[in-house]
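Participant: The following block contains a protein sequence and its predicted model.
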Amino acid sequence: MSATIALRAENIIKYFDQPERFQVLKGISFDVQKGEFLALVGKSGSGKSTLLYVLSTMDTDYEGGLHVSGEKMTGKTQNELAAFRNSQIGFVFQFHYLLPEFTALHNVMLPALKLGRKSRAQIEEEAMAHLSTLDLRDQAMKAASKLSGGQQQRVAIARALINEPSIIMGDEPTGNLDSRNTQVVFDIFRGLAREKGQTIITVTHDEDFARNCDRVIELSDGRVISGVH
């Protein structure tokens, strides 16, 4: 596999068994290049969020092959996958999932404290640097519950960045934001891809957001219908 490929999906097939057996992903294959800003789009029920959870290694009940950062994910144990995710993949969801009683700073630090590779002082310094980059330094000591929706989502992005992941995955990361904050989040992702070489894969319903990404892969009825080179 080429060193320029961040992620490779090979003939991904996925079934749901409730309420009856139903095929939701029907042989999906594509590569994502390092530093690419990719949008996954499609109508509700097209399979895009299901695909993202397979690509993120959180869903392992699928057929086919998945490689991330040159490593084969298919067949790894849950513990191996959890360790890989924590070090290599950052997540930004529609709902920020911050701990409301913790400060913005502490929320950002948590994944790095869990990973345990750096001292607490170093983690705090790096978390503060990310908050500064996202124009949140003055909010660092505020409880997450006291922040606006746009600020909370930027804290969630800082948290996704703290372990220097090679890939950031977003599931409707601007779904709860107004147009101004949506643009802020888009610009942050664009900068991460262009300046830091981070790979961004995000599911979105926002047509303007998708149109401005490097590439759009569209799903319909569990199949890719456009966007694969």
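Facilitator: All right, it came through fine.
Participant: For the protein, just list every one of the strands.
Facilitator: 5-16, 22-33, 37-41, 63-68, 71-72, 89-93, 167-171, 199-203, 215-220, 223-226 (DSSP state E).
Participant: can you list those strands in JSON lines and add distance to residue 185?
Facilitator: The way it works is simple: take the backbone N, C-alpha and C, and place the C-beta from them, glycine included. What follows is these, written out as JSON lines (distance: least, CB to CB, whole Å):
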{"stretch": "strand 5-16", "distance to residue 185": "20"}
{"stretch": "strand 22-33", "distance to residue 185": "20"}
{"stretch": "strand 37-41", "distance to residue 185": "12"}
{"stretch": "strand 63-68", "distance to residue 185": "23"}
{"stretch": "strand 71-72", "distance to residue 185": "29"}
{"stretch": "strand 89-93", "distance to residue 185": "8"}
{"stretch": "strand 167-171", "distance to residue 185": "9"}
{"stretch": "strand 199-203", "distance to residue 185": "10"}
{"stretch": "strand 215-220", "distance to residue 185": "17"}
{"stretch": "strand 223-226", "distance to residue 185": "24"}
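Participant: For residue 189, find the nearest of these.
Facilitator: Comparing those by their distance to residue 189 (CB to CB), the top pick is strand 199-203, with 4.9 Å.
Participant: What pairs with the closest one, parallel or antiparallel?
Facilitator: strand 37-41 (parallel), strand 167-171 (parallel) (DSSP bridges).
Participant: Out of these, flag the one nearest residue 5.
Facilitator: Closest of those to residue 5 is strand 167-171, at 11.4 Å (criterion: CB to CB).
Participant: angle of that closest one against strand 5-16?
Facilitator: Here the directions of strand 167-171 and strand 5-16 differ by 40 degrees (axes from the mean of the first three to the mean of the last three CA atoms, to 10 degrees).
Participant: What lies in contact with strand 167-171?
Facilitator: Here strand 167-171 makes contact (CB atoms under 8 Å, 6 or more residues apart in numbering) with 6-7, 49, 52, 55-56, 68-69, 88-94, 160-161, 189, 192, 198-204.
Participant: so where do the helices sit in this structure?
Facilitator: 48-55, 78-88, 104-115, 120-133, 149-161, 179-196, 207-211 (DSSP state H).
Participant: could you redo these as CSV and give each row mean neighbour count and mean pLDDT?
Facilitator: Listed next are those as CSV, based on neighbours: other CB atoms under 10 Å; pLDDT from 0 to 100:
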stretch, mean neighbour count, mean pLDDT
helix 48-55, 22, 91
helix 78-88, 15, 87
helix 104-115, 20, 91
helix 120-133, 16, 92
helix 149-161, 23, 88
helix 179-196, 16, 86
helix 207-211, 15, 89
